[in-house]
Each structure stands twice: as C-alpha cells, then as structure tokens.
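Enquirer: kindly return the folded structure for what I paste below:
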Amino acid sequence: MADESADCVTVAAPVRPRRLIWLVEMAFVLLLVMYPLSYGPVMHQVSRGRWIELWPVIDEIYAPIEWFGNSSEFGAVILDWYLGLWGA
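Expert: Numbers count the residues shown, from 1 in each chain. Here you go, the predicted model:
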C-alpha cells in the first residue's frame, strides 16, 4: 500500500509579500503625515538657536513646505498658523 500522504498536495499561500506590502504602505502613509507635521517642531528648534549648523540641510528638506507658504496667501496663512502653534 502506497503512502497516502504523498497523494495529498498542500500549497501554502505566501504570507510574506502581503505583510511586506502592508509595511511599505504604512511607512509611506506615515511619511506623508509626519513630514509636514515635523516642520513646526524643527522650525521651533531653529528659532531657538539650536540646529543652526544643520540649516542648509533643513532648508533643503523643507523646501517644498516653504514653497507652499510662499506660493499663495492661503499657504502663508496656514504655515504661519502652524508655526504659531509651535512658537516658531
């Protein structure tokens, strides 16, 4: 009598790619949320005289947000309001 377990073939669905896609999506969403929210605390530190030596890097990183603030009155109002929350 042949081994009956050899007749049954089980195919496991790959779990890792789904988990990896979920992690990449969550990291992307977190980056999209944290990037603009980090502008206030960083500018607060710069306005206090800290991180001055990093200003060229900070200026490049936050150039899109500064462009938003300089491109329209709406952007300027929003940015001024948010920086005011942080005392920057």
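
Enquirer: name the element the residue nearest to the spatial centre of the chain belongs to?
Expert: In the chain, the C-alpha nearest the mean C-alpha coordinate belongs to residue 31, at 0.9 Å (Cα atoms, centre = their mean). Taking DSSP states H and E as the definition, residue 31 sits inside helix 16-37.

Enquirer: centre of the chain to that helix, how far?
Expert: Relative to the centre of its chain, helix 16-37 is centred 8 Å away, using Cα atoms, centre = their mean, to the nearest Å.

Enquirer: ok, and what's touching that helix?
Expert: Applying Cβ atoms under 8 Å, 6 or more residues apart in numbering, the contact partners of helix 16-37 are residue 65. The C-beta positions use only the backbone N, C-alpha and C, and glycine is treated the same way.

Enquirer: quick check: next helix or strand after it?
Expert: Using DSSP H and E, the first helix or strand after helix 16-37 is helix 39-47.

Enquirer: mind giving me the packing neighbours of that following helix?
Expert: Contacting helix 39-47 under the criterion 3 or more Cβ pairs under 8 Å, 6 or more residues apart in numbering; DSSP states H and E are the following elements: helix 55-61, helix 73-86.

Enquirer: need those in CSV with mean pLDDT, distance to residue 19 and mean neighbour count, can you?
Expert: Below are the helices and strands packed on helix 39-47 laid out as CSV (pLDDT from 0 to 100; distance: least, Cβ to Cβ, whole Å; neighbours: other Cβ atoms under 10 Å):
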stretch, mean pLDDT, distance to residue 19, mean neighbour count
helix 55-61, 93, 30, 11
helix 73-86, 94, 35, 12
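
Enquirer: okay if I get these as JSON lines plus distance to residue 39?
Expert: Written out in JSON lines, the entries for these read as follows (distance: least, Cβ to Cβ, whole Å):
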{"stretch": "helix 55-61", "distance to residue 39": "9"}
{"stretch": "helix 73-86", "distance to residue 39": "7"}
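
Enquirer: so which of those comes closest to residue 44?
Expert: Shortest separation from residue 44 across these is recorded for helix 73-86, at 4.2 Å, computed as Cβ to Cβ.
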